[in-house]
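> Need the 3D shape of this:
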Amino acid sequence: MSSRRRTIVAFAIAALSNLVLAGTVAAQSENRELIDGLEYQLLYVALPLTLFVLVILIYAAVKFHDNDDPEPTTEDPALEITWTAATALILLFVGLSGYSVLVNPYVSPSQAIGGGTSDQGTVESFDDLPDTADEEIYVQGYQWSWQANYPDSNITTENELVIPANENVTIWLTSDDVIHSLFVPELGVKQDAFPGDYTRARTIAEPGRYDAVCAEFCGAGHSRMDADVIVVEPETYDQWIEEHDGEGTVTDTPDPE
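Numbers count the residues shown, from 1 in each chain. Sure, this is the predicted structure:
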């Protein structure tokens, strides 16, 4: 085998190995698993096609680089139909794969309220939001911090969001001033917060401490508008809620370890 072929084969093996190893990393939330799954599906299609096109390109460049009398490609209806049909199938696969993830309730929650109205009437505060079967937390963004409110317990935290692990959690978001966006990369959670409106983020997460940032430029302090998302076992979460019920602002948050 020539050195050129060995290089191509080595590159292909390395790329496939990295892809397989990346797919073995456990997702930290339902959202992240859905997004990663879509990325791997698309990579499984894109990588072989990319290698196929590169091989043909290299072959054509080597074989015909010194052709002094090139001729136009002859008509081949069968080949044209084949690559048109193959392209259509690939686009259909990409479209269906993307759509199945985008409509998932953990990626695009069904109840996202804009304009201050919902099926239950006018929404003027968190208290008017529709009920869900999830554990609900209210989060307000403001320049340049996040405030989390636990509606049934009169508990408020600053730049720390505590949620129970392995349970459906709904985070209702709004803003006090300009548009913000709560982004938790490791959990695959990203939702905008609008002044006067209420949007919903939904997740099921594994225990751990995760970094959250604002993903929408919101002024001079945007770069320091971050927070910790603390995911703890349900028993720890219930105990923390019970210990601090009615205290108002709480700085003593539980440790996920």
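
> so where do the strands sit in the protein?
Applying DSSP state E to the chain gives strands spanning 117-118, 121-122, 135-142, 145-150, 155-158, 160-164, 169-175, 180-184, 189-193, 199-203, 208-214, 226-232, 248-249.

> Pipe those strands into JSON lines and attach distance to Thr82 per row.
No exception for glycine: its C-beta is placed from N, CA and C like everyone else's. Converted to JSON lines, those look like this (distance: least, Cβ to Cβ, whole Å):
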{"stretch": "strand 117-118", "distance to Thr82": "51"}
{"stretch": "strand 121-122", "distance to Thr82": "57"}
{"stretch": "strand 135-142", "distance to Thr82": "52"}
{"stretch": "strand 145-150", "distance to Thr82": "54"}
{"stretch": "strand 155-158", "distance to Thr82": "59"}
{"stretch": "strand 160-164", "distance to Thr82": "51"}
{"stretch": "strand 169-175", "distance to Thr82": "48"}
{"stretch": "strand 180-184", "distance to Thr82": "43"}
{"stretch": "strand 189-193", "distance to Thr82": "40"}
{"stretch": "strand 199-203", "distance to Thr82": "43"}
{"stretch": "strand 208-214", "distance to Thr82": "47"}
{"stretch": "strand 226-232", "distance to Thr82": "49"}
{"stretch": "strand 248-249", "distance to Thr82": "66"}
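
> With mean pLDDT and mean neighbour count as new columns, can the ones you listed be given to me in a markdown table?
Formatted as a markdown table, the strands of the chain follow (pLDDT from 0 to 100; neighbours: other Cβ atoms under 10 Å):
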| stretch | mean pLDDT | mean neighbour count |
| --- | --- | --- |
| strand 117-118 | 46 | 14 |
| strand 121-122 | 54 | 9 |
| strand 135-142 | 94 | 21 |
| strand 145-150 | 94 | 20 |
| strand 155-158 | 93 | 18 |
| strand 160-164 | 94 | 22 |
| strand 169-175 | 93 | 23 |
| strand 180-184 | 95 | 24 |
| strand 189-193 | 93 | 22 |
| strand 199-203 | 92 | 23 |
| strand 208-214 | 95 | 18 |
| strand 226-232 | 95 | 22 |
| strand 248-249 | 86 | 9 |
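
> Go through those and name the closest to Leu38.
Between Leu38 and those, the shortest gap by Cβ to Cβ is with strand 189-193, which sits at 14.7 Å.

> Show me what the closest one is packed against.
If contacts are counted by 3 or more Cβ pairs under 8 Å, 6 or more residues apart in numbering; DSSP states H and E, strand 189-193 sits against strand 135-142, strand 169-175, strand 180-184, strand 199-203.

> In a markdown table, list those strands along with distance to Ala46.
Listed next are these as a markdown table, based on distance: least, Cβ to Cβ, whole Å:
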| stretch | distance to Ala46 |
| --- | --- |
| strand 135-142 | 36 |
| strand 169-175 | 33 |
| strand 180-184 | 25 |
| strand 199-203 | 28 |
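
> Run through the helices of this protein in chain order.
When assigned using DSSP state H, the helices of the chain occupy the ranges 3-23, 30-64, 77-102, 234-244.

> re earlier: which stretch among the strands of the chain approaches Pro72 most closely?
Nearest to Pro72, of all these, is strand 189-193, at 49.9 Å by Cβ to Cβ.

> if we can go back for a sec, which of the strands of the chain sits closest to Leu79?
Closest approach to Leu79 among the strands of the chain (Cβ to Cβ): strand 189-193, 43.2 Å.

> what number of residues lie near Leu129?
Per other Cβ atoms under 10 Å, the neighbour tally for Leu129 reads 20.

> hang on, it packs against Asp197?
No. Contact status for Leu129 versus Asp197: not in contact, 11.2 Å apart, counting by Cβ atoms under 8 Å.
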